[in-house]
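Asks: For reference, the sequence and a predicted model appear below.
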Amino acid sequence: MDISEHGLKFASEVELPVNTVLGLRLDLEEHLYRLEGEVRRSANEDTHYAGVMIDDDCADFNAWTDYFKFDF
């Protein structure tokens with residue numbers, strides 16, 4: 001739903017409480033990213049939303065941040 005270098009926000013069918021640690025698998029067209037993160041925000045607005053901060057120690061963190069580098 002919303003991604004950045006250090007976090008992401010997504011909708012979920014279940015409520016994810018703040019401080020929940022998640023294993024994330026993001027299968028994008030050009031690469032499969034295996035990340036870990038912690039829920040920092042949680043909201044229920046007819047749909048459950050979670051804001052997750054990605055752990056910079058996870059295996060694919062460097063590859064993930066490279067995804068956001070722009071070539072000017």
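Replies: On my side now, so go ahead. Numbering: from 1, shown residues only.

Asks: and residue 47, how far is that from residue 67?
Replies: 26 Å (CB to CB, to the nearest Å). Every residue, glycine included, has its C-beta placed from N, CA and C.

Asks: So between those two, which is more surrounded?
Replies: Neighbour count, other CB atoms under 10 Å: between residue 47 and residue 67, residue 67 has more, with 14 against 9.

Asks: From what I see, that one and residue 31 are in contact.
Replies: Yes: between residue 67 and residue 31 a contact is recorded at 7.3 Å, counting by CB atoms under 8 Å.

Asks: Low-confidence regions, this structure specifically.
Replies: For the chain, the stretches with pLDDT under 70 are 70-72.

Asks: Following the chain onward from the top strand by length along it, which element is next?
Replies: The longest strand of the chain (DSSP state E) is strand 31-44. Using DSSP states H and E, the helix or strand that follows strand 31-44 in sequence is strand 48-54.

Asks: continuing past that next one, what's the next helix or strand?
Replies: helix 61-66.

Asks: Tell me the buried residues in that following helix?
Replies: 61, 64 (16 or more other CB atoms under 10 Å).

Asks: measure residue 53 to residue 7 for me?
Replies: Relative to residue 7, and taking CB to CB, residue 53 is found at 5 Å.

Asks: now do residue 14
Replies: 19 Å.

Asks: Looking at these two, which is more packed in?
Replies: The neighbour comparison of residue 14 against residue 7 (other CB under 10 Å) goes to residue 7, with 15 against 6.

Asks: Hmm, the more buried one is touching residue 54, no?
Replies: Yes: in this structure residue 7 lies within contact range of residue 54 using CB under 8 Å: 5.8 Å.

Asks: and for those two, which residues touch both?
Replies: residue 37 (CB atoms under 8 Å, 6 or more residues apart in numbering).

Asks: what's the neighbour count on residue 52?
Replies: Count around residue 52 with other CB under 10 Å applied: 24.

Asks: Nearest residue to it in space, please, no chain neighbours.
Replies: residue 37 (4.0 Å; CB to CB, 6 or more residues apart in numbering).
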